[in-house]
Each structure stands twice: as structure tokens, then as C-alpha cells.
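[1] dropping the sequence and predicted coords here.
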Amino acid sequence: MKIRHAVFALLLLAAWPCAARAADPAAATAPATSSSVLAQAREQYAQANFAEAAEMLRTALRTGQVAGDDVNQARALRGRCLVKLGRRVEAKEQFKGVMRSDANFTLDPTLVPPDEMEVWRLAKKEIDAERLEAGKRFPASIAVLGGRGNCVNQDIVDLASSSGAGLAPDFSEDVELGYSVRFPLRPELSIEFEVQHLRATTEDPLPATRNAHTEYTVSVTPVIVNLVKAWHTSPRYHINLVGGLGVMPTQVVAEYKQTLVSGRLTPSQLVGHHLGMFAHGGLEGEWMAQDRLAFTARVMGRYANSGTLTWPSNSYEIYESYEQSKLGDRTADFSGIAATVGVRAYIGY
């Protein structure tokens, strides 16, 4: 009896460590760490067990046994194993996945065999081509621009200078405003619909209290269709060639603020108008502040002429007894150089 008890006690002591491990769920189910999985896969690779290493890494990636920076290390090592197994197309796609995840990830050619580096370089070439094409793809966008430009309007300045009191000052322009919406036609070519608003003012040199004192305002609203060609692109900067044609509704107002009617000062206006032509072309630069937001600037040369204005009476003299002040065949003109800055929001894909 004593012998049986002694044998039972020995068996119980021998089984105790196994029972303790089974009673601890954490110990029984503790997963391998990322570093241990990678270490095991590298050991298998070093022993030329490429199929075992590739399968181990595939399972670990699928089940989340590797995380953080180790994910791309595991993908790259699996790609190397696939090269050794002759599965070069799969290896290339594995390498491309690494590059899409981390653009700065690279393999060391002093440590990686030439056959694996060859597939890596093929993958990188394809990724670079994808990135170049993506950089040329401009999605739909909207923009708001503001700036300054030429506003000579010499015909109207000559009219203001015909009062007999000397030369009128050149026109002073308000801030030019523009609004546009742009749509891609091809990767490097977009079409844009733009509306601008240009306004400039001057006045004759007569004293403001004189009845004949006249203020002049020229307003134009060009409606333009542009073609935009990508000239140089990078992830952060774009330089585009822009050219467009459009129509330019024009209004010129000659206003008397001291008109005396029946003993009362009653402002009065003469209004000329015409539908003119607008054309411009130049360079546009963009800096991508965010993926969908860019700061943009343009320098453009433009033709912006109203054509002959239609007045209530072309023979009317703005300044009585001064024949050169007849309205006649006047034109409004904003031709010259314009520079604008603004923001563009990309709203497409």
C-alpha cells in the first residue's frame, strides 16, 4: 500500500507543471510577437526554406501577428522568398504594396541578392510611373482669385480730359476678382469655366462742386473658357499653362453728382455698354498645402476690349461747348498684364 501511495505521489508531482500551464489561458494562447515571427522567418530564409518562410509570413500578415513597422518588413521578406521560389510576378506585387505603404522603404543592395534586387527595381519603376501619372491627374476643382491688372481705358481718360480743365488722372482699379470651376479632360489637360469682375474709376479735374464735374466707372465681367495644360508637376508643386477665350459684357457710367433740376441737386448718369471680346494666356503655379487644398498664383497677358460702346446719343457732349467731349466711338479697355493669387479646392476623385 505504501509503495502505491509513493508511486501516485511521484506521478502527481510530475504532472503538476503541465497542469499549471494548462490552467493559465494566457500562457497557453500567448501569440508570437512580431519580432519573433520575423526572426523565425529570417531563420527559415537563411536555411533556404523559402516556401516555409513565405507561408509563415502570409499567415502572420493575414492574422495580424505582425504590426507596426514590422508589417512592411514582413511583406518585403515574403517578396524576397517569392523571388527565390520563381514567383516573380507575385513578388513584384508584394514589393509594390510595401512601396505604396511607405514611399521611403528600400532594400539594401549590399545585403540583398541581385535576383531579388532586380524584381525590387522593376516594382519601383512601376510605382514611380504610377506616381508620375497620378501627379498629372488633376481632379475637378473650384478656385477664388484676386489681384491687379492693367486698366488703361484711354478713350475714357481722353473723354474725362476734355473738360477744358486739364488732364484727368489715369483710372484707378478695384481689386480684380475671379471665380472658376475646372474639370479634367485627360491626365494633363483640363477645361475651366471662369468668371472675372474688373472695375476701375476716374474723374475729370473740374472742382467737385461744379455742375459739369463727372465721375467715370468702367465695369466688365468676362466669361471665359480656359484650357489648362500641366507643364510641370510634383507631389507639392504644379506649374500649368493657361489660355482662354470669352466674351466681356461692358458697362461705362458717366455720372454727374451736381445736376441742378428745379432747384434740387439730382445725380444723373449716362450709360454706355457693349459685349466685347476677352482672351488671355500665361502661367499658373500651385503649392499643395494639403491633399485637397492649394494656394495658386497666375501671371497672365490679356486682351480685354469692349469694342465700340453704345450710348444714348453718340453726339452728346459731356462738357457743353467742348466738341472733343462728344461720346462718339469710345471703347473700354483692360488689355495688358494681370497678376492674381488665390486658393483652389479639389473636389473630385
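    Looks like it came in fine. For clarity, every value in this text was computed on a predicted model and none was experimentally measured. Residues are numbered from 1 along each chain as shown.
[2] so which residue is dead centre in this structure?
    Centroid check for the chain by CA atoms, centre = their mean gives Ala294 as the closest residue, at 4.4 Å.
[3] now that residue: how far from Gly342?
    9 Å (CB to CB, to the nearest Å). In short, each C-beta sits where N, CA and C put it, glycine included.
[4] and for Leu111?
    Leu111 is 50 Å from Gly342, where distance means CB to CB.
[5] do the same with Gln73
    With CB to CB as the criterion, Gln73 and Gly342 are 44 Å apart.
[6] can you list contacts of whichever strand or helix holds Arg80?
    When secondary structure is defined using DSSP states H and E, the element that contains Arg80 is helix 70-84. Contacts of helix 70-84 with the rest of the structure, by CB atoms under 8 Å, 6 or more residues apart in numbering, involve 34-35, 37-38, 41-42, 45, 48, 50-51, 53-54, 57-58, 60-61, 66, 88, 90-92, 94-95, 97-98, 101-102, 105, 107, 112, 115-116, 119-120.
[7] where in the stretch 101-250 of the chain is pLDDT low?
    Where the stretch 101-250 of the chain drops to pLDDT under 70, the residues are 131-137.
[8] give me the neighbour count for Thr266.
    Here the number of neighbours of Thr266 (other CB atoms under 10 Å) works out to 11.
[9] Arg78 now?
    By other CB under 10 Å, 26 other residues sit near Arg78.
[10] and the gap between it and Pro114?
    Taking CB to CB as the measure, Arg78 falls 19 Å from Pro114.
[11] and if you look at Ala304?
    Distance, Ala304 to Pro114, using CB to CB: 63 Å.
[12] neighbour count: those two, which is higher?
    The residue with more neighbours, out of Ala304 and Pro114, is Ala304; 25 against 7, by other CB under 10 Å.
[13] what residues are bridge-paired with the more buried one?
    With DSSP bridges as the criterion, Ala304 is bridged to Phe278.
[14] quickly note the distance from it to Asn49.
    Note on Ala304: its distance to Asn49, by CB to CB, is 75 Å.
[15] how does this structure divide into domains?
    Split into domains by automatic domain parsing, the chain comes to 31-135, 138-346.
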